[in-house]
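J.: Based on what follows, work out the 3D shape:
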Amino acid sequence: MFCMQCGKEIQTGVSFCPHCGAKVPKTIKESTTPEQPKTSQISISQILKKVRIGEHNIEAYAQPLPGGIKFYVTYDGEEMASKTISLLLGPFGGLMGKKEVEFKVTEDGKEVPYKANFSVGMAGTPGAELFRSGKKIS
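T.: Residues are numbered from 1 along each chain as shown. Predicted coordinates:
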């Protein structure tokens, strides 16, 4: 079988990938051919932020699309929210755009609000900031 985070081969039954340290979901199915790293069936182009809170992993990704960039956030490997930024020509010729997504997760029996601010800078460079209960975590 193969790690869903880095795509390298791992032994059946391990809890964490020995190559990248990613948590291996219990529901992962054994595969005989390596797969591209993915989250929720989407090929990952670039990881922007990776934060660990207790036992939980929160990650922000950017995936180039024709005319834009799809941004999405995962919580323990599950896609929680996504937005696409259409690239617009900025005042000085650069590509620019901003979007915000919010989602809630139950942690220790309590609903916790999360927010991600995504941006595309002047040179078309994607960025992300992550917030938990209104406080920046990245």
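J.: Going by C-alpha atoms from here, please, whenever you check contacts or count neighbours.
T.: Fine.
J.: Near V14, how many residues? Count them for me, please.
T.: Counted with other C-alpha atoms under 10 Å, residues neighbouring V14 total 12.
J.: Looks like D76 contacts G54 (just checking).
T.: No: with contact taken as C-alpha atoms under 8 Å, D76 and G54 are classed as non-touching, separated by 11.3 Å.
J.: who's more crowded, the two?
T.: Between D76 and G54, counting by other C-alpha under 10 Å, D76 is the more crowded of the two (18 against 6).
J.: quick one: contacts for A62?
T.: Contacts for A62 were tallied using C-alpha atoms under 8 Å, 6 or more residues apart in numbering; they are I44, S45, Q46, I47, L48, I69, K70, F71, Y72, P126.
J.: now it, nearest residue through space, not along the chain?
T.: F71 (4.5 Å; C-alpha to C-alpha, 6 or more residues apart in numbering).
J.: about what we covered before: weed out the non-buried ones from the contacts of A62.
T.: With burial judged by 16 or more other C-alpha atoms under 10 Å, the buried subset of the contacts of A62 is I44, I47, L48, I69, K70, F71, Y72, P126.
J.: Flag the least confident of the residues you listed.
T.: Sorting these by pLDDT puts I44 at the bottom of the list (45).
J.: Can you give me the domain assignment for the chain?
T.: 1-35, 38-136 (automatic domain parsing).
J.: Average pLDDT for the top strand by length along the chain, rounded please.
T.: As assigned by DSSP state E, the longest strand anywhere in the chain is strand 95-107. Per-residue pLDDT over strand 95-107 has a mean of 84.
J.: got the contact list for M80?
T.: Y72, V73, T74, F103.
J.: Now it: which helix or strand?
T.: Element membership for M80, per DSSP states H and E: strand 78-86.
J.: got the angle between that strand and strand 95-107?
T.: Here the directions of strand 78-86 and strand 95-107 differ by 160 degrees (axes from the mean of the first three to the mean of the last three C-alpha atoms, to 10 degrees).
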